[in-house]
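Q: Dropping a prediction and its sequence here:
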Amino acid sequence: MGLILAFGLAGCETAGTGGEMAGKPLDAAGLAKAFKKGSPVCKWTKPDGSKGEDFYFKTSGKYSGDADRNMGGKTIQGTWKIVGQGFYSKFGKGKKVRGTWHSVVQTGKKTYQLHKGGGGLMMTMKCS
């Protein structure tokens, strides 16, 4: 899984960090290709400068599973999945915790931008 993108993904600087997409979002085949090799570790940076690291595990299927998000000394457990050309992640527990659907733009080798539904930049990621 070269993504999370996990998002599968220190963060990387990419073109379009002002919130606009740096390119066309990956389609379903592109997301599947990015996640085909297994569970990625992705270092990310949000527009506000906060940084962290996500670990995506294929525990529920080929394109879904559990995830861990490390921010500083804190780890939050969550889930992720790919459906069509959408990437979904949810971190935290409880009924009030909502997940987020993302569009994913590849900006370099194993480097991505995750955008929320309205197109705003959520984070940049580099996965290994």
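A: Looks like it arrived, so ask away.

Q: Report the secondary structure state of Asp48.
A: Under the three-state scheme (DSSP: H, G, I helix; E, B strand; the rest coil), the conformation of Asp48 reads as coil.

Q: burial count for Asn70?
A: Here the number of neighbours of Asn70 (other C-beta atoms under 10 Å) works out to 15. C-beta here means a position set from N, CA and C on the backbone, and glycine is covered the same way.

Q: Wait, it touches Lys51, no?
A: No - in this structure Asn70 lies outside contact range of Lys51 using C-beta atoms under 8 Å: 9.8 Å.

Q: Work out for me the element Trp101 sits within.
A: For Trp101, the element it lies in under DSSP states H and E is strand 100-108.

Q: CA-only coordinates of that strand in PDB, if you can.
A: What follows is strand 100-108, C-alpha atoms only, in PDB (Å, rounded to 0.1, in the frame of the first residue of the first chain):
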ATOM      1  CA  THR A 100     -13.700  11.500   6.600                       C
ATOM      2  CA  TRP A 101     -13.900  10.700   2.900                       C
ATOM      3  CA  HIS A 102     -10.900  11.900   0.900                       C
ATOM      4  CA  SER A 103      -9.900  12.400  -2.700                       C
ATOM      5  CA  VAL A 104      -6.300  11.400  -3.200                       C
ATOM      6  CA  VAL A 105      -3.900  13.100  -5.500                       C
ATOM      7  CA  GLN A 106      -0.500  11.600  -6.200                       C
ATOM      8  CA  THR A 107       2.200  14.300  -6.300                       C
ATOM      9  CA  GLY A 108       5.300  12.100  -6.600                       C
END
